[in-house]
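Undergrad: 3D, please:
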Amino acid sequence: MDTILRFVIKYKDTILIDIIGGLILAFLLGMASIIKKRLSPKPLQEPKEQAIYLSTPKRCFDDSCIGRYELLDKVFNKIVDGEKNFLSRKCIAITGEEGIGKSLFCYTLFQYYLHESPVYAGWIECNGKQSVFDIIQNTFKDLRFRKKNKDDILNAFANIDKKCVLFFDEINQFTPLDEIEELSHCPQVILILSGRIRKIDFADETIVLPPLSDDETGIIFLRQIGVESFDFIKGKGKYSCKRLLRNYAKGNPSLAIMFACAESHYEGKWEKMLESMESREYDDEHYFKNILQQLYRITELSNAQKSALSKLSAIEYENFTESVFEFLDIPDDCIESLCNTYWLKQEDSIMYAIDENHCRIISKLFISEMNLENAINSMDESLSVKKNIGFRWISLYVENILKRIRGYAAYIMEKESFFEFVYNVAWNYWNIKNYEKCIEWIELCHSKDKELIYKKARIEFQAKYYLVNKLYSPSEVEQVYLDALEKSKEIDDFQNQKMFLMQEYCNFLLFNKQYNEALLLCKEYFEVNTMDLRYKNNCDMFYRYLDVAYKLDDKESLERLVNEKTIQDLYQNERVWITAAWSFGELSKIFKKWGDKETSDKYMRHMVVLLNEWRGFYNSVIKVYLKLSEEKFAEYMHSCDELLDSLNKALARKDAEALYIEGRYQEKYGNYTDAFALYEEAAERDSLRGMCSLAVLYYRGQGEERNYDKARRYWDYCCKRGHRGSYYWLGILLLDTNYSGYDKKLALKKLTQAAELGSERAKEKLLEL
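TA: Okay, here's the model as predicted:
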C-alpha cells in the first residue's frame, strides 16, 4: 500500500494529466456520436405518417408566423391528446384585430404543424354568402368531394377513414355558419375557423391573437416590401414608413406597406394621398368616427368619381394597380380626389376598416348591385373596345369581380349584361391561350339572345379543339362544332359564320392530323364558294387547302389551286390577309417538290419579306418554313438585294430582332464595334438575347473595353427573366479566376440551371468540371 501511495505521489502530475485527457477524449467522442446521429440522413417516413392535403390556399404565405410559436403549440395541443392522437369533433375559432395575421397563423398550423401527421387536411377560403359546399366541390382534389353535391360531401366526411382537419379562412358575417356547423357533427372532422368573427356558438374554444410588437410588425413589413432594412427606403418614404408603423399599424402593417410601395414604385404618384393622410390627426379616440364621416361623404362625389370608385372596388392586387388604371382610363385627377377623400387599402381596394362593424358598412357600400354592375359594365366596355390590350395583367381583377358576385350578389349572374361580360372575358382568355379558363367562363353564359348563344357555341368550339386529346376527344370537338354550326342558322350573318366555322374546323382537323377529312372539307367549301381571295374566309381556306393538298400530294387539288389566276390573286391581296402571305410559303414547298428550285426560292423570299414587315423580323412562322439557325438566317438576309432591302427596313424601324440578328452577322465577321452598337440598341428595346450578347462583348473586351461588372449586371438581369444563355455565360464568368467575384459554387448552380433549361454547352461544361 505504501509503495502504491509513494508511486501516486511521485507521478501525480502525469496521472492527473492522463485522467483529464481521458475525460476530454470521452467527451469529444460522445459529442461526435451525437453530431453524427443528428447529421446522418433520417429514414423517410411512411406515407401514412404524412398529411394528405385535400386542397391548398390560392394565396401565397411567404413569411413565418413571427413570435407566435408558443401559441401555435398551444392551439395544436388542443386538437391532439397527450400521445399526439387527434381528437374527434373539435372546433376552434381564431380571431383578433383586422390584419393581425390570422390567415398566416392558421396557414402555419396547416402547412407545417400538420405536415407529418396522419390526417387529411383541407383549406376552405370562404367567399361571402357562397355555400362552403360549393367551394369544397370546386377546390378539393379528392374524387370523394370533387364536383359532388352537399349530401355526398357530408356523407364522405362522415365516413372518412382517418381524422380530417378543415381550415375555414376569411369567415365574416355573410358566411353560412350553419353549413360549417353541419360539418362539425362529422365524427372524424376537426375544424379551425378564422376571420372577422366575434362568437361562434358551436366552437369549443376561441383563441384571440394578441397584437404584434413594433419589432415584429417591422420585420413583417420589411419582408413584404422586399427590403432588408428601412435604410433601403429613400427620402420621404423612409420617414413616412417609420411614422406610419409607429402610429397607425397597430397589428396591421398593410396600411404602411401601401404608402411605402406607392412612394418607392410609383415615383411619387401617390404623394398627395400620403400628405393628406399625414396632415390629419387620426388618434385612437376619433379614429372610427372619422372613417365613418368619410364614408358618408359619398353623396358629394361626382358621377365620374362614383364610376371610378366602382372600378376601384374591383381592384385587389397591388402589383398591377397602375396597369389597370391605365387600361380603364380612370383620370388621374379623379384618382387623386378619391384618394384624398377616402382611406383606401390598395391590397384589397376596400376602404381601410379595423373591426366588424366597419366591415359591414363597407360591404353594404361596395357589395351592392349598383356598384358591382357598374364595375361589370365599365370592365365589359373596356374589354370590348380594347381586346387583347393588357388582359393578362387584369385577369386577376376580373376573377375577383366574379368572386364577389358569387359571394354577395349571385342574382346578377342571371342578367344579360353579365352574360355579355362573361363572353368578353372568355374571348380574352382564349386570346391569351388560356383555354381552360375560357371554357370555365363561357359555361357561365346562359343568355337567351340568339347571337350571344351562337357566340358562346363558337368560342366553346374554338377553345376545346386546342384541348383535344388532353381534356376532350376528337368526337367531342366535332360535336361542339356541329352545335355551333346549327346555332349559326339562327343569326342574320349565317353564311359568313358558316364559312368561318368551316375554316376553323379545317384548322382543327389539320391540328389533329386528320388530313383526309380536312381535304374533303376544303373541297366541300369551294364547291359552294368561289376562290375569290379578296374575301378573308376564302383566303384562309385557300391557305389550308394548299397545306393539306401538299401533305397528301393530291395532284388534282394542286392543279386546281396552283395556276396563274390564283397566284395573281395572292399578289393582289398579300397586304390584306396574312394567310395570303403564308400561302407563298406553301407555294415554295410545292415548287420545291416539283423540282423548280428557282420558283421555290422566289416565293420563299417573298413570304419572308412580307412577314418581316407584317409580323416582325424573323418571327415564328419564318422559323417554321426556313428552319435556319440565327447565324444562317443572318447570312440568308444578306444573300440578295430583295432580302437585304427587307433587313435594312427592319433596322431603320429599330426592330429589336433585326438589330440582334445583324449584330450576330457583324460579330461573326469581326466587326465588333458595329456588333456592340447593334446589340446595345437591341438591349434598349428589351431584347434578352441582345443583352446577353452585349454582355459577352463586355466580358471579352470586344468592341468596348473589358468590363466584368457590366457583363454580370446584364446576365443577372436576364437570368431573373429566365434567359437560358445568360445562365450559361454567368456561370462561365463566375469560373473566371481573373474576375474578382470568382465563385465556383455559384457558377455550378448557374450552369446547372442553364442545363435544366436545355443548354447543351452547359451540360458539356458540367461534365468537364
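Undergrad: leaving out the residues flanking it, which one is nearest to residue 163?
TA: Setting aside the residues directly before and after it, residue 163 is nearest to residue 86 in space (C-beta to C-beta, 6 or more residues apart in numbering), at 4.1 Å. From N, CA and C alone the C-beta is placed, and that goes for glycine too.
Undergrad: can you check residue 52 too?
TA: Distance criterion C-beta to C-beta, 6+ apart; nearest residue to residue 52, sequence neighbours excluded, is residue 120 at 5.1 Å.
Undergrad: quick one: that neighbour from residue 157, how far?
TA: Going from residue 120 to residue 157 by C-beta to C-beta, to the nearest Å gives 9 Å.
Undergrad: quickly list what's touching both of those two.
TA: residue 164 (C-beta atoms under 8 Å, 6 or more residues apart in numbering).
Undergrad: I'd say residue 118 and residue 162 touch.
TA: Yes: taking C-beta atoms under 8 Å as the definition, residue 118 is a contact partner of residue 162 at 6.2 Å.
Undergrad: between those two, who's got more neighbours?
TA: For the pair residue 118 and residue 162, the greater number of neighbours falls to residue 118 (18 against 12), based on other C-beta atoms under 10 Å.
Undergrad: any idea how far the more buried one lies from residue 52?
TA: Relative to residue 52, residue 118 is positioned 9 Å away (criterion: C-beta to C-beta).
Undergrad: now residue 126
TA: If you measure residue 126 against residue 52 using C-beta to C-beta, the figure is 22 Å.
Undergrad: quick one: contacts for residue 586?
TA: 543, 546-547, 550.
Undergrad: swap in residue 140?
TA: With the criterion set at C-beta under 8 Å, 6+ apart, residue 140 makes contact with 54-55, 122, 146.
Undergrad: burial measure for residue 138, as a count.
TA: For residue 138, the neighbour count with other C-beta under 10 Å is 13.
Undergrad: helix or strand for it, which one?
TA: In this structure, residue 138 is located in helix 132-139 according to DSSP states H and E.
Undergrad: repeat that for residue 505.
TA: helix 494-511.
Undergrad: next secondary structure element downstream of that helix?
TA: Using DSSP H and E, the helix or strand that follows helix 494-511 towards the C-terminus is helix 515-528.
Undergrad: residues in contact with that following helix?
TA: When contacts are taken as C-beta under 8 Å, 6+ apart, the neighbours of helix 515-528 outside the stretch itself are 499, 502-503, 505-506, 509-510, 541, 544-545, 548-549, 551-552, 554, 557.
Undergrad: for this structure, which segments count as strands?
TA: Under the criterion DSSP state E, strands of the chain are mapped to 52-53, 90-95, 120-125, 164-171, 189-195, 205-208.
Undergrad: residue 126 and residue 52 - which one has more neighbours?
TA: Neighbours of residue 126 and residue 52, each counted by other C-beta under 10 Å, are more numerous for residue 126; the result is 24 against 15.
Undergrad: the more buried one and residue 207: what is the separation?
TA: Applying C-beta to C-beta to residue 126 and residue 207 gives a distance of 18 Å.
Undergrad: just residue 746 next, same as before
TA: Using C-beta to C-beta, residue 746 is found at 44 Å from residue 207.
Undergrad: between these two, which is the more surrounded one?
TA: Counted by other C-beta under 10 Å, residue 746 and residue 207 do not tie: residue 207 has more neighbours, with 19 against 14.
Undergrad: disregarding flanking residues, what is the spatial nearest neighbour of the more buried one?
TA: Skipping the residues right next to it in sequence, residue 207 comes nearest to residue 94 by C-beta to C-beta, 6+ apart, at 5.3 Å.
Undergrad: what about residue 86, neighbour count?
TA: Other residues close to residue 86 by other C-beta under 10 Å number 18.
Undergrad: pLDDT at it, what is it?
TA: Residue 86 carries a pLDDT score of 84 in this model.
Undergrad: just the one 3 residues further on next, same as before
TA: In this model, residue 89 is scored at 77, pLDDT.
Undergrad: of the contacts of residue 140, select the buried ones using a PyMOL command.
TA: Written as a PyMOL command, the selection of buried residues from these, which uses 16 or more other C-beta atoms under 10 Å, is:
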select buried, resi 54+55+122
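Undergrad: just the contacts of residue 140: which are in helices?
TA: Cross-referencing these with the helices (criterion: DSSP state H) gives no overlap at all.
Undergrad: lowest-pLDDT helix or strand in the chain?
TA: One helix or strand of the chain scores below all others by mean pLDDT, DSSP states H and E: helix 287-296, with a mean of 36.
Undergrad: care to break this protein down by domain?
TA: 2-39, 48-210, 215-408, 628-706, 724-769 (automatic domain parsing).
Undergrad: comparing these by mean pLDDT, which bottoms out?
TA: Lowest mean pLDDT of the domains of the chain: domain 215-408, a mean of 49.
Undergrad: quick one on the thing from earlier: and the residue nearest to residue 207, what does it touch?
TA: 75, 102, 105-106, 192-194, 206-207, 209.
Undergrad: can you list those in JSON lines and add distance to residue 595?
TA: Output for the contacts of residue 94, formatted as JSON lines (distance: C-beta to C-beta, whole Å):
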{"residue": "75", "distance to residue 595": "80"}
{"residue": "102", "distance to residue 595": "75"}
{"residue": "105", "distance to residue 595": "75"}
{"residue": "106", "distance to residue 595": "73"}
{"residue": "192", "distance to residue 595": "75"}
{"residue": "193", "distance to residue 595": "77"}
{"residue": "194", "distance to residue 595": "75"}
{"residue": "206", "distance to residue 595": "85"}
{"residue": "207", "distance to residue 595": "83"}
{"residue": "209", "distance to residue 595": "80"}
